[in-house]
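Colleague: from the sequence below, what's the structure:
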Amino acid sequence: MAKVRDLTLRFTPSGSPDVVGYALYSVLVPDAVDYDSTRHDLGLPAVNPDTGEMEFAMAPLGLAEGDYNFGVVAVDDVGNESPMDLIDNVPLDLTAPDAPSGSRIDRN
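Modeller: Predicted coordinates for the structure are as follows:
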């Protein structure tokens, strides 16, 4: 089984007191991300105590390989969503390289 590098979304949390969660919108390039794009509910991601940034492991989102435009939004207690913090042209390479072959250990 191959190992593919972990991807972590990091962002500075909203300063609004009524935020109850966050969402990530995604769309394949060349389309522009907007509120009609695919929405991924992030809940309240963990906060890194060293940086104060929120961190979310992207593997559970199940995105396919490709180039993406993303938008992160804060969601308040009545469901309103903030303007998007955009992350453009992110290549997701989820394919591990072929394994080497012919490996052996020789005794001298």
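Colleague: in a helix, Pro60, correct?
Modeller: Yes - checked against DSSP: H, G, I helix; E, B strand; the rest coil, Pro60 lies within a helix.
Colleague: can you get me a residue count around Ser26?
Modeller: Ser26 has 20 neighbours, counted by other CB atoms under 10 Å. Yep, even glycine has a C-beta here, placed from its N, CA and C like the rest.
Colleague: which SS state does it fall under?
Modeller: strand.
Colleague: could you pull up the residues touching it?
Modeller: Residues counted as contacts of Ser26 (CB atoms under 8 Å, 6 or more residues apart in numbering) are Val33, Ser37, Thr38, His40, Leu61, Leu63, Tyr68, Asn69, Phe70, Gly71.
Colleague: hang on, the fourth one packs against Ala23?
Modeller: Yes - contact status for His40 versus Ala23: in contact at 6.5 Å, counting by CB atoms under 8 Å.
Colleague: wait, is Tyr22 part of a strand?
Modeller: Yes - looking at Tyr22 with three-state DSSP, it is inside a strand.
Colleague: who does it form a beta bridge with?
Modeller: Tyr22 forms beta bridges with Gly43, Ala74, as assigned by DSSP bridges.
Colleague: what about it, distance to Leu28?
Modeller: Using CB to CB, to the nearest Å, Tyr22 is found at 21 Å from Leu28.
Colleague: please identify which of those two sits among more neighbours.
Modeller: Tyr22 (24 against 15).
Colleague: return the distance of the more buried one relative to Leu42.
Modeller: Tyr22 is 4 Å from Leu42, by CB to CB.
Colleague: which residues are common contacts for these two?
Modeller: Phe56.
Colleague: can you list the strands that the helix or strand Arg10 falls within pairs with?
Modeller: If you go by DSSP states H and E, Arg10 is part of strand 8-11. In the sheet containing strand 8-11, its partner strands are strand 54-57 (antiparallel), by DSSP bridges.
Colleague: roughly how far is the partner strand from the heart of the chain?
Modeller: Relative to its chain's centre, strand 54-57 lies at 8 Å (CA atoms, centre = their mean, to the nearest Å).
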